[in-house]
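Participant: starting from these lines, generate the structure:
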Amino acid sequence: MTFYDGNSNGEGGEVMPELKVRVEGDDDGVNGKRVTLRQRLLEECEAEERYLLVKEPAFSCIQRRSIWFWVKLGVLFTFIGLLAAVFFRWVGPFLMDKELMPIINWEMTTFSTPMLAVLVFASVALFPTILLPSTPSIWVAGMTFGYGFGFLLIISAAAVGVSLPFFIGSLFLHRIQGWLEKYPKKAAILRAAGEGNWFHQFKAVTLIRISPFPYIIYNYCAVATHVKYGPYILGSLIGMVPEIFVAIYTGILIQTLADASQEQHTLSAPQILLNGEELLLQ
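Facilitator: The predicted structure is shown next:
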């Protein structure tokens, strides 16, 4: 295509060709960008689909595990409930009639009440020193003396029972410390009780007594943690109060069951609840 360069006088000018310049690669670049964008969108869609395919089975697996956990938990509690029912229906009465009742009858007929008080006090005071449990003696105190005098008798004997191992343990201080060094993780809680001021030691000893930490072992280990005797004895006695009341209640319940077995009838659930309410009122 050409054009004429005219002037104002109408004279024709020189004929000039019209030049069109086409920039190569512009369309190719746009098309390339479109293809790249399309590929990227396809890749993102495929990645999202793969993520959903992976996530859905994982979520279903978590749901199945949760359901299976609750099923196993339900089966476990059902099994425990059946065992408890069998025990209270057949095993408990059998042990009561054949094992426990003869011991109770022999004890009541052989020893007088003052003698029983002396025996209970001596056993609660001395058994922890020789690493023997004193809970059966607390049962006897509950059966014989009830909550009032029974608690006073047991708490005074327990003061002796936790003091003797404390002083005896001081004679073997280095040996006990060596034993604690062999088990640093387990001994960390005990060592923490020996730190701080008087009130901190008192709180720590009280919490240890309430916790399920072995009662007899702590009697000997306490001196190796540098706990003073004052917070040790006071924290021990206060921390043992719940356990003592539960053991006394158990003794009273055993005596009630013994009386019921002698009268040829079993203890009903309301009677057991009344015994529990009596414990709370005390």
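
Participant: so what touches stretch 167-178?
Facilitator: Stretch 167-178 is contacted by residues 129, 219-224 when judged by C-beta atoms under 8 Å, 6 or more residues apart in numbering. Heads up, the C-betas are built off the backbone N, CA and C, glycines and all.

Participant: only the C-alpha atoms, please, for it, written as CSV.
Facilitator: The C-alpha trace of stretch 167-178 is given here as CSV (Å, rounded to 0.1, in the frame of the first residue of the first chain):
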residue,chain,number,x,y,z
PHE,A,167,14.7,-41.3,113.4
ILE,A,168,15.9,-44.8,112.4
GLY,A,169,16.4,-43.6,108.8
SER,A,170,18.8,-40.9,110.1
LEU,A,171,21.2,-43.7,111.2
PHE,A,172,21.3,-45.0,107.6
LEU,A,173,21.3,-41.5,106.0
HIS,A,174,24.2,-42.1,103.5
ARG,A,175,22.8,-45.5,102.4
ILE,A,176,19.3,-44.0,101.8
GLN,A,177,20.8,-41.1,99.8
GLY,A,178,22.7,-43.6,97.6
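
Participant: mind listing what's buried in it?
Facilitator: When burial is assessed from 16 or more other C-beta atoms under 10 Å, stretch 167-178 yields the following buried residues: 169, 176.

Participant: going by distance to Ala85, which of the contacts of stretch 167-178 wins?
Facilitator: Asn219 (37.9 Å; C-beta to C-beta).

Participant: quick one: contacts for Val223?
Facilitator: So Val223 contacts 166-167, 169-170, 173, 176 (C-beta under 8 Å, 6+ apart).

Participant: what about the spatially closest residue to it that is not a sequence neighbour, distance to Lys185?
Facilitator: Once flanking residues are discounted, Val223 sits nearest to Gly169: 4.2 Å by C-beta to C-beta, 6 or more residues apart in numbering. Gly169 is 21 Å from Lys185, where distance means C-beta to C-beta, to the nearest Å.

Participant: try Leu83
Facilitator: With the distance defined as C-beta to C-beta, Leu83 ends up 34 Å from Lys185.

Participant: repeat for Gly194
Facilitator: 17 Å.

Participant: more neighbours, those two?
Facilitator: Gly194 (19 against 6; other C-beta atoms under 10 Å).

Participant: against Leu164, how distant is the more buried one?
Facilitator: With C-beta to C-beta as the criterion, Gly194 and Leu164 are 20 Å apart.

Participant: next: Pro136.
Facilitator: 19 Å.

Participant: then Trp70?
Facilitator: Trp70 is 50 Å from Leu164, by C-beta to C-beta.

Participant: so these two - more neighbours on which side?
Facilitator: Between Trp70 and Leu164, counted using other C-beta under 10 Å, Leu164 has the larger neighbour count: 16 against 10.

Participant: where does the stretch 1-150 of the chain have low pLDDT?
Facilitator: 1-38, 41, 45, 47-63, 88, 92-93, 96-97, 100-101, 104 (pLDDT under 70).

Participant: again, 50 this time
Facilitator: 2-4, 8, 10, 12, 16, 18-26, 30 (pLDDT under 50).

Participant: which stretches in it count as strands?
Facilitator: 2-4, 15-17 (DSSP state E, counting those that start in this stretch).
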